[in-house]
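> What would the 3D arrangement of this be:
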Amino acid sequence: STAKKPVQKELSNMPPPLPLLEESTKSTADTTDSSTSLPSIFVSIASYRDSEICPTLDSLFANAKHPDRVFVGAVLQNDGTYDRDNVRLTQKYANHSNVRCLELAAKHALGPCYARSLAQSLHRGETYFLQIDSHMRFRQNWDDYLIGLWQQTSQENGGASHHDGKVVLTAYPAGYELPNKIPNEERGILLVPWKFDENGMLRQRGRLLKKDSSTEHPIAIRCHLYAAGFNFGPASMIQDVPYDPKLDFLFFGEELSMAVRLYTHGYDLYAPPVSVLYHLWSRAHRPTLQSSPSSVPPEQIEEKKVGSRKIVQEQLLGQSPAGMFGLGDKRSAEDFAKALKVDFHKSIIHDGASESGLSNERFVNTADAASLFAEDSFEKKIATLDTKAQDLIEFFLSGMDLDQKK
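Model (predicted):
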């Protein structure tokens, strides 16, 4: 119909399907036609008043090679008075056998960590774990590709005994625009340290990698930082390193906490060498937690923020007490800082940190980094500016509550 033509045109520029890796093919070669015999994937989604939740589910299932093995645990935080019905699950997903849902009044939301912890509670024994945001688009065959890449990476550098299956694939995805303007971007993105903010918290950024033409199926790239909006690994990570539900109103610090906890529990993080999915970086289509009414008084929100940041900073300094939500005993926080080339005591980022062990030639130059974002987007315009200008713009925008990534 005429109404659908613009969307189809936008989707026509989608990158090609992801390759079916050899390891993924091996894993399914001896199975029957029934997808119930395939390794299953639990997808954790925390949604805050987001009209993109159902389009995200549409893309998730439509682009999976085996959608029957994909199970979703969604936490919907909505305002029953002001939100339109498009922030809720449609009948299609409300009654979907592979979708589990918890609903929470938006005024009682306590930030991403609490919501992601609730979402993890919906896991029912699936083999793999994928955590995403509620505004994503997927490349075709994403499920087979991630499983194949995970298996391939787990067996690199000494086999399964080397990693003990503790591998997590993670990255900041490139951006798309509404409704379905998905960039024809296939290159991977590596997370690296960026700067320390006014609260003494390390901030991270994604660096676009050049395409590796030396091999048909490039391998994953070692990194040490974690993206909350895209991480994939064994479901054991939910038991070993569960989200801390008491890190209230924590935004910048959530990913660092998970990175150091995963590291000290023996997990190794890797960036996929190609783009697997896409993220809506603009927040213009939805209210944010910071701009919405809360049942928690403002002074208590600030107090909780400070308390949550203190917990993360103690973790990074190796001062966190042991426990379910603390550090592990496989490696130390000091080892994490050395691997990252960051001094958390002095808030110093050492030379080489922004390359994460790679040569600078492996990265796309700064002028081209705008390709991370959709054409004509606000973020793309900022990405073309020098670092000083970007910091100045961020300073002004922080007062408008636009600098929160979540």
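
> contacts and neighbour counts: CA atoms only from here.
Fine.

> Near the closest residue in space to residue 80 that isn't next to it in sequence, how many residues? Count them for me, please.
Counting by CA to CA, 6 or more residues apart in numbering, the nearest residue to residue 80 once its immediate chain neighbours are dropped is residue 105, at 7.4 Å. Other residues lying near residue 105 total 15 when counted by other CA atoms under 10 Å.

> Surely residue 105 touches residue 82?
No - when contacts are counted by CA atoms under 8 Å, residue 105 is not listed as touching residue 82 (11.5 Å).

> what residues are up against residue 241?
Residue 241 makes contacts with 258, 261, 262, 265, 324, 325, as judged by CA atoms under 8 Å, 6 or more residues apart in numbering.

> Kindly reformat these as a markdown table containing pLDDT.
Below are the contacts of residue 241 laid out as a markdown table (pLDDT from 0 to 100):
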| residue | pLDDT |
| --- | --- |
| 258 | 98 |
| 261 | 97 |
| 262 | 97 |
| 265 | 96 |
| 324 | 91 |
| 325 | 96 |
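
> Narrow those residues to just the buried residues.
In those, burial by neighbour count holds for 258, 261, 262, 265, 325, counting by 16 or more other CA atoms under 10 Å.

> of all those, which comes closest to residue 233?
Among the buried ones among the contacts of residue 241, residue 262 lies closest to residue 233 (CA to CA), at 11.4 Å.

> Excluding residues flanking it in the chain, which one is nearest that closest one?
residue 241 (6.4 Å).

> For the one you found, give its distance to residue 266.
Separation of residue 241 from residue 266 (CA to CA, to the nearest Å): 10 Å.

> any idea how far the residue nearest to residue 262 lies from residue 118?
To residue 118, residue 241 is 14 Å away according to CA to CA.

> Same list (the buried ones among the contacts of residue 241) but as a markdown table, adding distance to residue 348.
As requested, the buried ones among the contacts of residue 241 are exported to a markdown table (distance: CA to CA, whole Å):
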| residue | distance to residue 348 |
| --- | --- |
| 258 | 20 |
| 261 | 21 |
| 262 | 22 |
| 265 | 25 |
| 325 | 26 |
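
> Tell me which of the residues you listed fall in helices.
Among these, DSSP state H puts 258, 261, 262 in helices.

> Disregarding flanking residues, what is the spatial nearest neighbour of the second one?
Take residue 261 and drop its neighbours on the chain: the residue closest to it by CA to CA, 6+ apart is residue 327, 5.0 Å away.

> who does residue 174 bridge with?
Per DSSP bridges, the residues bridged to residue 174 are residue 278.

> What is the neighbour count of it?
Per other CA under 10 Å, the neighbour tally for residue 174 reads 27.

> Surely it touches residue 282?
No - assessed by CA under 8 Å, residue 174 is found out of contact with residue 282, at 11.9 Å.

> mind listing the helices for this structure?
Using DSSP H, helices in the chain cover 5-11, 22-28, 53-62, 91-94, 112-120, 142-154, 160-163, 236-240, 254-264, 298-316, 333-340, 378-383, 387-398.
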